[in-house]
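**Student:** need coordinates for the following:
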Amino acid sequence: MMRGGEGALAALLVASLSACTQSCPRESNDAPKRYTDGTTSADRTYYETNAWKAGFVDFPAGRRIALVHGLRDVPIELRSYLAFDEHPFPTNGNGFVAESAGNQVLIEDVNDEYVQVRNDTCEHFFLRLVASTVSSPGGDDGSGGAGGAAP
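**Tutor:** You can find the predicted model right below:
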């Protein structure tokens, strides 16, 4: 049984959650925006949306982006970084970048053409994503395969 104060607190929490949801400035598009301005290495095993000192990708609340990677195969590793400024490393040294966490960068699809991500927050970020895949098929790059050590 709830006491008067507990009931009022519960009602206040429900009202504040509703207000937060209604005031979230999310985009409401279903189709992802295609991003084709990234850089892929010559051997097509490494992709980055941008260099560290270049402008990060605009990533407002609710945005879906299909990052066209140009890799030789489906990426096996992804890393995403977020900042609050397009150029997070200003010359005055007062910037920063953090790896994404939770629902900041939801990975919705990974295939041999693109990586689709969504900003599932109410915050406007700027994104840097890197993806990689294995080196040339059949080539002896010195790494072991699924069975263990290299031959």
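
**Student:** where in the chain is pLDDT low?
**Tutor:** Along the chain, the model assigns pLDDT under 70 to residues 1-22, 25-29, 136-151.

**Student:** can you give me the helices in it?
**Tutor:** Remark: helices assigned in the chain by DSSP state H are 4-23.

**Student:** so who does the most centrally placed residue in it touch?
**Tutor:** Centroid check for the chain by Cα atoms, centre = their mean gives Val105 as the closest residue, at 3.8 Å. Contacts here follow Cβ atoms under 8 Å, 6 or more residues apart in numbering; on that basis Val105 touches 59, 80, 82, 117-119, 127, 129. In short, each C-beta sits where N, CA and C put it, glycine included.

**Student:** for Asp30, same thing?
**Tutor:** Listed by Cβ under 8 Å, 6+ apart, the contact set of Asp30 reads Arg64.

**Student:** measure it to Arg44 for me?
**Tutor:** Distance, Asp30 to Arg44, using Cβ to Cβ, to the nearest Å: 30 Å.

**Student:** next: Pro88.
**Tutor:** From Pro88 to Arg44 the distance is 28 Å (Cβ to Cβ).

**Student:** just want to know which of those two has more residues nearby.
**Tutor:** Neighbour count, other Cβ atoms under 10 Å: between Pro88 and Arg44, Pro88 has more, with 20 against 15.

**Student:** let's have the contacts of Val105 in CSV, adding neighbour count and distance to Glu99.
**Tutor:** As requested, the contacts of Val105 are exported to CSV (neighbours: other Cβ atoms under 10 Å; distance: Cβ to Cβ, whole Å):
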residue, neighbour count, distance to Glu99
Phe59, 28, 14
Ser80, 22, 7
Leu82, 23, 8
Val117, 27, 14
Arg118, 19, 17
Asn119, 24, 15
Leu127, 23, 11
Leu129, 27, 11
